[in-house]
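[1] Kindly return the folded structure for what I paste below:
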Amino acid sequence: MKLFKFRFAIATLLPLVPAALAAIKSSEDSSAINISNDRLSFSVAKSSGSVSKLSLDGQNLLGTGRGPYLDCHCVDSGFWTPGNGATYKLFKGTDGAGQEYAGAMMSHDYQNTGKVLEQYWFLRNGETGMHVFARASYNNSRVPSGGDLGEMRQLFRPTSTLWTHLSSSDEMYGPIPDTSGAPTVQDASWYVGGKKDHPYVKQVSDYFTKYMFSEEWRNQIAHGMYGDGSKSNDGSAFGAWLVMNTKDTYFGGPTHSDLTVDGIVYNYLVSNHHGNGVPEMTNGFDRTFGPQYYYFNKGAKGTTLQQLRSDAAKTVTTNWTPFYDSIAQHVPNLLPSSRRGIFQGTVSLPKGATRAVAVLALSGADFQDNNKDSRAYQYWSEIESTGSVTIRSVKAGTYRLTIYADGIFGEYTQDGVDIKAGQTHAATVTWASETAGTELWRIGTPDKSCGEFRHGNAKSTSKTLGMREYREYWAVHDFPNDFPNGIKYKIGTSDLTKDFNYVHWSVFGGKANYIRKDPYYTNVNNWTIAFDVTPQQIAGKTNATLTIQLAGVKTSAGNNDHADKAWNDLPYTVVVNGKQLPTWTIPSQHSSSCAVRSAATCYTTGHKFEFNAGFLREGGNEMILSLPAKATAPEDAVLPESVYLQYDALRLEVA
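    Predicted coordinates:
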C-alpha cells in the first residue's frame, strides 16, 4: 500500500542494466505494437489484444502462450477477451525522474454497446517488468444497467516448459502439477495422486485445485512462477511475478482473497470468489484498476525460488510516484500524487490486541461491501505496537475508518474521515473493546479466520512441504471419521485444535466428494457445547449474550448474492438447556463458497444472541448449535450441495 525508496536486487541476481544503456525502443505497425529495452522486450498483437511475444535477456518466457492480457465475465454470453477489432495506441515519453518509457493501450467497445474494456502496458528504462492498468466503462442511456462486472482479470499465460514451480506466498509453493488424465473430483479440482513419483505429489498433495494457491490481499505482495533452469537456454533460473505495489483500486478490503497462480499468473481485479463483492456496470460506470507490476527476473544457475521471489517482493519499495504522475495523462482515472493525501493516526488499542490494522474504505459501509460504489478506493496499514499508523497516497475523499485486531471481538468504526489532497489528516482514536458483561468462556481467537480449529492452519505431515490443512481438497478431512459422535466440546477440557472442526456442515459427503460419495447425515448438523457455571458467576445476573463471529458461511447462494432455491437465506439456531433462542437468519448476500474453495477466511459476519440469564443453571449446562438437517440445494457445477459455516470465535457473557 505504500511507496518507498528503491532497493537493489540480491547479489545472486543479474544486476539491473544502467539506465543510460537501456534505451527504450518502440514501434507500431498494422499487426503489433513492439516495446523493448536492453533486457525485456514484448509485442502486443492487435489480432488478440494480448502480449504475444515476451523475452528477458533473449529467453522466450511465453512459448506459444500469451499475456499479460485482459478478460472479463461481463457480457451476456459469459467471458469476453477484448482485442480483435479494438483500437490501439502507442505512448512514448520521459517521466519526472528523467527515465524514458513507452506504453501500449488496447480499447474495445463490446458490440458497440458502450461497454468498453481497456488494457495498458508500460515499460521503463532499466526495468524488467510491465506496469499494467485495466479500465472498464459503460455508457448506454438506453440500457441503464450493463449487468455485473462479474470477473475481470489480467493473465500471464505461458505454454513454455521453462516454468517448473508455483508460488503464492513465502510458505505456499511447489512444483507445477500434472493434471493430464487426472480424474476431476470437483469443479477445477483433480486427483493427481496416481502419479506417485511426480514432484508435486511427493511434496504438496494428492489433489490439486487452483484455489490451494489463493491468498488474502492484506499482506500479499507477490505471486508467480519460477523456472529452475532445467529448461532455460543457459541454465539460468527465471521468475514471473505479479507484484501488488498498489491495492487501492481492488474491492473488499484486506480480507479479500482470490486466486493467484495455477500455471497462469493472475491479477484478479474483480471476482466473486470467496464471496467477494462485484460492482454493477450502470450507465456512467468508469473505473481504472492498477497500477500493478508484472515483473520478470533471472538468476544464475542454482538461484532458488525463494531468492527470485524475495527480489520480486523488494520491487514494491520502489518510488514510482514520478513515473505514475507522468503517465496519468495517458491513463484515464489514474490519480496523480497532487490529488492524494496522508492519514496519520494514534490508536489506543484494547488490551490483548495483536496484528491490529487500520482500514480506510467507503464511508457508511462495511469495507467488504465497498463494491457498492464504483468510485470507492481502499487503503490499509498495520498499526505499530506504539499505536502509530500512517497511510500514504490516499485519494482525496471521505472514508470510513475501521480498526480490527486479533484477539478482540468486534471492531472500531468511524465514518466521515476526510482526506484532503496535499494534506495530512491527523486522528487520535481510543478503541474500547465491546463487552456485554462478564465473560464466562470463549472458543477460538477472533481474527476473522477458522485457522485455529482442526484442519485449519495446522500443517500437513503427509507431504514434505507441509501445506496448511485448510488449503487441501476439503473431502480429505473426513468428518465422520474425525468425529464419529459429532462435535461435543467441553469448555475447559476439550482441545480446539482437535475437538472443534474448521467447518460446521449440514451434510457431509455426496456430490463433489471423491472419497465419501454417499451423503452422511448422522451427528453432523448439531454441535454441542458443554460448560459448567458456578453460583458466583450467575448470581444477580439477568442478561446473557452469546456472540458468534463467522469466518465464512455458505448458503445455497454460494458466491452470489441471491439464489432462487432452498436455503438461499440460512436459518441458524441455538438451544440453551432445552430453550431455543430466536433464529438467526443469515442473509444470502453474506454467503461465500469458502472451505470447499480452500479458504479459512471469506466474507465475515456475526450475530449476538441475547437471552435471559435464567436459562443458565448452576453446574452443568449444554448449548446446541444447529444448522438445518439435510440442508442441500442443487449446484450447476461439480460442487458440494450442503450448506455450511466456518467459525471465527464464540463468546458467552452475562450481566
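
[2] Would you mind writing the CA trace of stretch 46-61 as PDB?
    Presented in PDB, the C-alpha positions along stretch 46-61 are these (Å, rounded to 0.1, in the frame of the first residue of the first chain):
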ATOM      1  CA  LYS A  46      -3.600  -6.400 -32.500                       C
ATOM      2  CA  SER A  47      -5.400  -9.500 -33.500                       C
ATOM      3  CA  SER A  48      -5.900 -10.700 -29.900                       C
ATOM      4  CA  GLY A  49      -5.100  -7.800 -27.500                       C
ATOM      5  CA  SER A  50      -2.500 -10.000 -25.900                       C
ATOM      6  CA  VAL A  51       1.200  -9.800 -25.400                       C
ATOM      7  CA  SER A  52       2.200 -12.400 -27.900                       C
ATOM      8  CA  LYS A  53       6.000 -12.200 -27.600                       C
ATOM      9  CA  LEU A  54       7.900 -11.700 -24.400                       C
ATOM     10  CA  SER A  55      11.600 -12.300 -23.700                       C
ATOM     11  CA  LEU A  56      14.100 -11.500 -21.000                       C
ATOM     12  CA  ASP A  57      17.800 -11.400 -22.000                       C
ATOM     13  CA  GLY A  58      16.800 -13.400 -25.100                       C
ATOM     14  CA  GLN A  59      14.900 -16.100 -23.200                       C
ATOM     15  CA  ASN A  60      11.400 -16.700 -24.500                       C
ATOM     16  CA  LEU A  61       9.100 -16.500 -21.500                       C
END
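
[3] Which positions within it qualify as buried?
    If you call a residue buried by 16 or more other C-beta atoms under 10 Å, then stretch 46-61 has these buried ones: 46, 48-57, 59-61. The way it works is simple: take the backbone N, C-alpha and C, and place the C-beta from them, glycine included.

[4] so residue 619 sits right up against residue 532, yeah?
    Yes: counting by C-beta atoms under 8 Å, residue 619 does reach residue 532; the two are 6.3 Å apart.

[5] Out of the buried residues of stretch 46-61, which comes closest to residue 291?
    Residue 291 has its nearest neighbour among those in residue 51, at 16.3 Å by C-beta to C-beta.

[6] which SSE is the closest one in?
    strand 50-56 (DSSP states H and E).

[7] Could you count how many residues lie near residue 36?
    Neighbours of residue 36 under the rule other C-beta atoms under 10 Å: 19.

[8] can you pull the contacts of it?
    Residues in contact with residue 36, defined by C-beta atoms under 8 Å, 6 or more residues apart in numbering, are 24-26, 42, 123.

[9] List the beta-bridge partners for it.
    Beta-bridge partners for residue 36, by DSSP bridges, are residue 25, residue 41.

[10] where's it relative to residue 637, distance?
    From residue 36 over to residue 637 the distance is 42 Å, taken as C-beta to C-beta, to the nearest Å.

[11] now do residue 73
    Computed as C-beta to C-beta, the residue 73 to residue 637 distance reads 14 Å.

[12] Look at these two and report which has more neighbours.
    Between residue 73 and residue 637, counted using other C-beta under 10 Å, residue 73 has the larger neighbour count: 19 against 11.

[13] Name all residues that make contact with residue 487.
    The contact partners of residue 487, by C-beta under 8 Å, 6+ apart, come to 499-501, 504, 523, 527-528.

[14] Narrow those to those in helices?
    residue 499 (DSSP state H).

[15] In a markdown table, list the contacts of residue 487 along with neighbour count.
    Formatted as a markdown table, the contacts of residue 487 follow (neighbours: other C-beta atoms under 10 Å):
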| residue | neighbour count |
| --- | --- |
| 499 | 17 |
| 500 | 23 |
| 501 | 26 |
| 504 | 26 |
| 523 | 17 |
| 527 | 20 |
| 528 | 17 |
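
[16] out of the contacts of residue 487, which one sits closest to residue 162?
    The closest of those to residue 162 turns out to be residue 501 (C-beta to C-beta; 41.6 Å).

[17] Can you spell out which helices and strands pack onto whichever helix in the chain runs longest?
    In the chain, taking DSSP H as the definition, the longest helix is helix 305-314. Contacts defined by 3 or more C-beta pairs under 8 Å, 6 or more residues apart in numbering; DSSP states H and E place helix 305-314 against strand 165-167, strand 222-227, strand 237-243, strand 285-299.

[18] switch to 10 Å and redo it
    With contacts defined as 3 or more C-beta pairs under 10 Å, 6 or more residues apart in numbering; DSSP states H and E, helix 305-314 has these neighbours: strand 165-167, strand 173-175, strand 222-227, strand 237-243, strand 285-299.

[19] between those strands, which gets nearest to residue 317?
    With C-beta to C-beta as the criterion, residue 317 lies closest to strand 237-243 of the helices and strands packed on helix 305-314, at 10.5 Å.

[20] Show the average pLDDT along that closest one.
    Mean pLDDT, strand 237-243: 99.

[21] List the neighbouring strands of it plus their orientation.
    Strand 237-243 has its sheet partners listed here by DSSP bridges as strand 222-227 (antiparallel), strand 285-299 (antiparallel).

[22] Could you look over those and pick the most buried one?
    Counting by mean count of other C-beta atoms under 10 Å, strand 222-227 has the highest mean neighbour count of the strands paired with strand 237-243, with a mean of 27.

[23] ok, now which ones touch residue 428?
    345-348, 387 (C-beta atoms under 10 Å, 6 or more residues apart in numbering).

[24] Quick one: mean pLDDT over the strand holding residue 51.
    For strand 50-56, the per-residue pLDDT averages 99.

[25] again, but for stretch 260-275
    What stretch 260-275 shows for mean pLDDT is 98.

[26] Stretch 26-37 too?
    The average pLDDT within stretch 26-37 is 98.

[27] What of stretch 371-384?
    The model assigns stretch 371-384 a mean pLDDT of 98.

[28] and that stretch, how far out from the chain's middle?
    Offset of stretch 371-384 from its chain centre (C-alpha atoms, centre = their mean, to the nearest Å): 14 Å.

[29] ends of it, how far apart?
    This stretch, stretch 371-384, spans 29 Å end to end (C-alpha to C-alpha, to the nearest Å).

[30] so where's the protein shaky on pLDDT?
    Within the chain, the stretches with pLDDT under 70 are 1-22.

[31] Which segments of it make up each domain?
    19-168+214-327, 337-430, 438-654 (automatic domain parsing).

[32] now those domains in a markdown table, with distance to residue 196?
    Converted to a markdown table, the domains of the chain look like this (distance: least, C-beta to C-beta, whole Å):
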| stretch | distance to residue 196 |
| --- | --- |
| domain 19-168+214-327 | 19 |
| domain 337-430 | 39 |
| domain 438-654 | 12 |
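
[33] To residue 184, which of those domains lies closest?
    Closest approach to residue 184 among the domains of the chain (C-beta to C-beta): domain 438-654, 6.7 Å.

[34] Turn the buried residues of stretch 46-61 into CSV, including distance to residue 262.
    As requested, the buried residues of stretch 46-61 are arranged in CSV below (distance: C-beta to C-beta, whole Å):
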residue, distance to residue 262
46, 28
48, 21
49, 22
50, 18
51, 19
52, 21
53, 23
54, 19
55, 23
56, 22
57, 26
59, 22
60, 21
61, 17
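
[35] the helices in the stretch 401-550 of the chain, which residues?
    Per DSSP state H, counting those that start in this stretch, the stretch 401-550 of the chain carries helices over the ranges 479-482, 496-499, 535-538.

[36] still on that earlier bit, out of the domains of the chain, the one nearest residue 202 is which?
    Nearest to residue 202, of all those, is domain 438-654, at 6.6 Å by C-beta to C-beta.

[37] How many residues are close by the residue nearest to residue 530 when sequence neighbours are not counted?
    Nearest residue to residue 530 in three dimensions, chain neighbours excluded: residue 490, at 4.6 Å (C-beta to C-beta, 6 or more residues apart in numbering). A total of 13 residues lie near residue 490 under the criterion other C-beta under 10 Å.
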